[in-house]
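# I would like to see how this sequence folds:
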Amino acid sequence: MIISKQKPFDEILDILSGIDNIFVLGCGKCAKKLHTGGEPEVLVMRTKLLDAGKNVVGYGVKSTACTMNSWEEFCAENDNYDESGNKNSIKDADAILMMSCGSGISVISCVSDIPVYPALNTTAIGGVLFDEIVSNQCAMCGQCSIDVFGGICPSTRCPKGLMNGPCGGSDDGICELGNDRECAWKNIEDRLNQLQSQQSLVDIQKPKDYSIPLN
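Numbering: from 1, shown residues only. Below is the predicted model:
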């Protein structure tokens, strides 16, 4: 799951400065689950834009914003009338305001001749654990060695990205950043002890080789 949060509305207005005809597009997957870009959030954004003097020519929620098979078919699906009888057409837009992660924005930008602008900030890769959203689960480094750390990625869970830890700033299992944030390396140690794989705590892990292409 891609973790995102909505930009401040004033920042969104700045991004859309000089643009009047806007189509608001949400995502029915991650953004919907996070309540940052599902239909309720899209409708709220539509209302706020209208109140700010913008002309919202339409709105919709794509089932998966980062997947596009046919732009023409998508435009045809979003050329209709809403429940109130108002024209709802992406073809009339001067800009698309995307309420999705950066991946969705990139995909739409690749196929659309309409400029695409972000309403959200993409912050992390996460997941769902017992119906709770958990963030910072993966750093997308392209060199996954998470098994060494008992399934806990230090590249993203540790604020310093330490591959060998803990650092000297942790205190009684709490990160030096405070706010009762647990030290990632304390979590790793507990997990490896549970798995009886303590050797991983002894072995020195090499730094990531960032010269290796991700693709």
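
# residues in contact with the closest residue in space to residue 82 that isn't next to it in sequence?
Excluding its sequence neighbours, the residue lying closest to residue 82 (C-beta to C-beta, 6 or more residues apart in numbering) is residue 88, at 4.7 Å. All C-beta spots, glycine's among them, are computed from the backbone N, C-alpha and C. Applying C-beta atoms under 8 Å, 6 or more residues apart in numbering, we find residue 88 in contact with 57, 58, 59, 60, 78, 79, 80, 81, 82.

# over to residue 88: give its phi and psi.
In terms of degrees, to the nearest 10, the main-chain angles of residue 88 are phi -130, psi 90.

# residues near residue 71, how many?
Neighbour count of residue 71, defined by other C-beta atoms under 10 Å: 15.

# I should have written residue 103 there, sorry.
Neighbours around residue 103, by other C-beta under 10 Å: 16.

# got the contact list for it?
Counted by C-beta under 8 Å, 6+ apart, residue 103 has contacts 2, 65, 66, 122.

# need phi/psi at the first one.
The phi/psi pair for residue 2 (degrees, to the nearest 10) reads phi -90, psi 120.

# leaving out the residues flanking it, which one is nearest to it?
By the measure of C-beta to C-beta, 6+ apart, the closest residue to residue 2 outside its immediate chain neighbours is residue 101, 3.9 Å from it.

# ok, the one you found - contacts?
For residue 101, the contact set (C-beta under 8 Å, 6+ apart) comprises 2, 4, 27, 30, 31, 65, 66, 120, 122.

# cool, residue 42 as well?
By C-beta under 8 Å, 6+ apart, the contact list for residue 42 reads 24, 25, 26, 59, 60, 61, 99.

# okay if I get these as CSV plus neighbour count?
As requested, the contacts of residue 42 are arranged in CSV below (neighbours: other C-beta atoms under 10 Å):
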residue, neighbour count
24, 28
25, 28
26, 28
59, 22
60, 18
61, 22
99, 30
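
# check those and tell me the two furthest apart.
The span of the contacts of residue 42, defined through C-beta to C-beta, is set by 60 and 99 at 10.4 Å.

# residues in contact with both of these two, list them for me.
In contact with both residue 60 and residue 99: 24, 25, 26, 42, using C-beta under 8 Å, 6+ apart.

# the spatially closest residue to residue 145 that is not a sequence neighbour: neighbouring residues, count only.
Using C-beta to C-beta, 6+ apart and skipping the chain neighbours, the partner closest in space to residue 145 is residue 205 (7.2 Å). Using other C-beta under 10 Å, residue 205 has 14 neighbouring residues.

# right, and residue 205 touches residue 162 too?
No. Using C-beta atoms under 8 Å, residue 205 is not in contact with residue 162; the gap is 9.2 Å.

# all helices of the chain, in order?
9-15, 30-34, 39-51, 71-77, 102-111, 154-157, 184-195, 199-202 (DSSP state H).

# mean pLDDT lowest for which of those?
The stretch with the lowest mean pLDDT among the helices of the chain is helix 199-202, at a mean of 82.

# domain-wise, how is this protein divided?
2-123, 139-202 (automatic domain parsing).

# what about the chain, any weak spots by pLDDT?
In the predicted model, the chain carries pLDDT under 70 at residues 214-215.

# do a quick rundown of the strands in it.
Assigned by DSSP state E, the strands in the chain fall at 2-6, 21-27, 55-62, 79-81, 87-89, 95-99, 116-118, 120-129, 132-138.
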